[in-house]
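> I'd like to go over a predicted model; first the sequence, then the structure.
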Amino acid sequence: MKNEEFKDKVVLITGSSRGIGKATAIALSNLGASLVINGRDKERLIQVENLIRNSGGKVMSYCCDITNPDQVEKLIEETIKTYGKLDILINNAGVSMRGDFSALNPEVFKSVFDINVLGTTNTTIKAIPFIKESQGSIVFVSSVAGIRGLPSNSAYCASKMALRAIAESIRIEEVKSNIHVGLIMVGITEIEKNKKTIAADGSLITLRDRSNFNVLSLDEVAHSIINNIKKRKFRTTLSLMGRINALMQSILPDLVERILVYSSNRIKARSL
Ligand SMILES: NC(=O)c1ccc[n+]([C@@H]2O[C@H](COP(=O)([O-])OP(=O)(O)OC[C@H]3O[C@@H](n4cnc5c(N)ncnc54)[C@H](OP(=O)(O)O)[C@@H]3O)[C@@H](O)[C@H]2O)c1
């Protein structure tokens with residue numbers, strides 16, 4: 001797919017009121033796509049909608065919680081009512097968590113799965129007939145944390161691994177539909193200041209500032225998502241470190257485990 005081919009494409013991005021989803025919406029709008037943006041915070045969503053529209057882009061926002069199947073049905077209905085079709089679904093909305101498994105309130109596991117897995121499932125099931133009609137793309141924004149279980153991230157890693165399994169299944173089931181299924185394994189990316197994550201007890205805690213670290217920029221991630229769609233690739237693994245991790249995990253899993261035990265013990269010792 002060439003860049004001009006995003007002209008007249010209708011793209012729905014879940015969780016596009018900030019972060020990677022917002023950057024991808026802006027980048028696709030700059031390539032001429034018509035956008036449907038989504039999130040639960042109406043005020044933020046309208047700010048992004050205005051930003052895109054004021055730069056000459058075609059955009060519609062639909063505020064809803066993707067964990068609610070009725071709301072997701074309306075989201076897809078409104079997309080079709082507004083644009084008449086859906087070419088690309090980017091399943092981006094997601095939450096993270098921090099905390100050892102033994103300390104986890106099971107509700108934390110449930111809420112991470114509700115958003116990252118069931119929310120994505122709700123959206124994909126409702127969108128798939130339209131994606132088949134347009135022979136378009138479904139993209140799952142997973143994480144390098146979905147390659148193997150990482151300490152203090154069990155629910156998040158499990159949810160991102162589940163996305164890989166879902167993407168792999170759909171790819172085979174829909175082989176005759178000529179749709180593209182993409183899986184983006186994103187590495188550590190810049191985040192807005194004071195971004196919160198869910199702690200083991202369910203409270204919200206502030207993530208450490210990443211501005212002094214060498215992390216992926218939002219634009220880099222957005223462009224990798226767009227490239228994955230253009231090339232109709234299955235898996236895109238971001239950054240070089242992410243690709244090295246994936247390779248190490250497949251050829252030397254025991255060594256990776258030993259490195260993780262060592263580094264996690266050091267982190268625990270430092271915080272005592
Ligand atoms: N940042 C990273 O380092 C990193 C690394 C690997 C993978 N990823 C993945 O990339 C994706 C985006 O991450 P990000 O860092 O850009 O996150 P972010 O800045 O926290 O943005 C998340 C987006 O999802 C929306 N959202 C959350 N729950 C939702 C729900 N139930 N229904 C609808 N929208 C919902 C949020 O809006 P509202 O809160 O208003 O609903 C927001 O727009 C996630 O799937 C994440 O797991 C991120």
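Here it is on my side, so go on.
> what does this structure put close to the ligand?
When proximity is defined by CB under 6 Å from any ligand atom, the chain lies next to the ligand at 14-21, 38-41, 44, 65-67, 92-96, 115, 119, 141, 143, 186, 188-189, 191. Placement of C-beta: from N, CA and C, glycine included.
> the helix or strand containing Lys110 - what's its average pLDDT?
Applying DSSP states H and E as the criterion places Lys110 in helix 106-113. Mean pLDDT, computed over helix 106-113, is 97.
> now it: buried residues?
Counting neighbours by 16 or more other CB atoms under 10 Å, one finds that the buried residues in helix 106-113 are Val108, Phe109, Ser111, Val112, Phe113.
> again with stretch 227-235
Of the residues in stretch 227-235, those scored as buried under the neighbour-count criterion (16+ other CB under 10 Å) are Asn228, Ile229, Lys230.
> what sits up against that stretch?
Contacts to stretch 227-235, defined as CB atoms under 8 Å, 6 or more residues apart in numbering, come from residues 1-3, 5, 88, 137, 139, 167, 171, 180-185, 236.
> write the ChimeraX selection for whichever of the residues you listed are buried.
Selecting only the buried entries of the contacts of stretch 227-235 in ChimeraX, with 16+ other CB under 10 Å as the criterion:
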select :88,137,139,167,171,180,181,182,183,184,185,236
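> mind listing which of the contacts of stretch 227-235 are in strands?
Ile88, Ser137, Val139, His180, Val181, Gly182, Leu183, Ile184, Met185, Thr236 (DSSP state E).
> so which pair among these is furthest apart in space?
Longest distance between any two of these is 18.8 Å, between Ile88 and Met185; criterion CB to CB.
> hmm, back to that, now render the buried residues of stretch 227-235 as TSV, adding secondary structure and pLDDT.
Written out in TSV, the entries for the buried residues of stretch 227-235 read as follows (DSSP: H, G, I helix; E, B strand; the rest coil; pLDDT from 0 to 100):
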residue	secondary structure	pLDDT
Asn228	helix	98
Ile229	helix	98
Lys230	helix	97
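> could you dump those into a markdown table with distance to Ala27 added?
Below are these laid out as a markdown table (distance: CB to CB, whole Å):
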| residue | distance to Ala27 |
| --- | --- |
| Asn228 | 13 |
| Ile229 | 11 |
| Lys230 | 12 |
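> which one of those is nearest to the ligand?
For the buried residues of stretch 227-235, the closest approach to the ligand (CB to the nearest ligand atom) belongs to Asn228, at 13.5 Å.
> closest one to Asn54 out of the buried residues of stretch 227-235, please.
Looking across the buried residues of stretch 227-235 and measuring by CB to CB, the closest to Asn54 is Ile229, at 25.1 Å.
> the helix or strand where Ile90 lies: what's the following helix or strand?
Assigning secondary structure by DSSP H and E places Ile90 in strand 88-91. Secondary structure here is assigned by DSSP H and E; on that basis, the next helix or strand after strand 88-91 toward the C-terminus is strand 97-98.
> now the helices for this structure?
Secondary structure of the chain by DSSP state H: the helices cover 19-30, 42-54, 69-83, 106-113, 120-134, 154-173, 218-230, 240-251, 253-270.
> nearest spatial neighbour of Asn38, skipping sequence neighbours?
Thr14 (5.0 Å; CB to CB, 6 or more residues apart in numbering).
> next, count neighbours for the one you found.
Applying other CB atoms under 10 Å, we find 29 other residues in the vicinity of Thr14.
> got a pLDDT number for it?
Note on Thr14: pLDDT of 98.
> just checking, it touches Ile88?
No - counting by CB atoms under 8 Å, no contact exists between Thr14 and Ile88, whose distance comes to 11.9 Å.
> quote the end-to-end distance of stretch 13-25.
7 Å (CA to CA, to the nearest Å).
> which residues of the stretch 151-272 of the chain score low on pLDDT?
Of all residues in the stretch 151-272 of the chain, those with pLDDT under 70 make up the ranges 270-272.
> do you know the pLDDT at Lys2?
Confidence per residue is given as pLDDT, and for Lys2 that number is 50.
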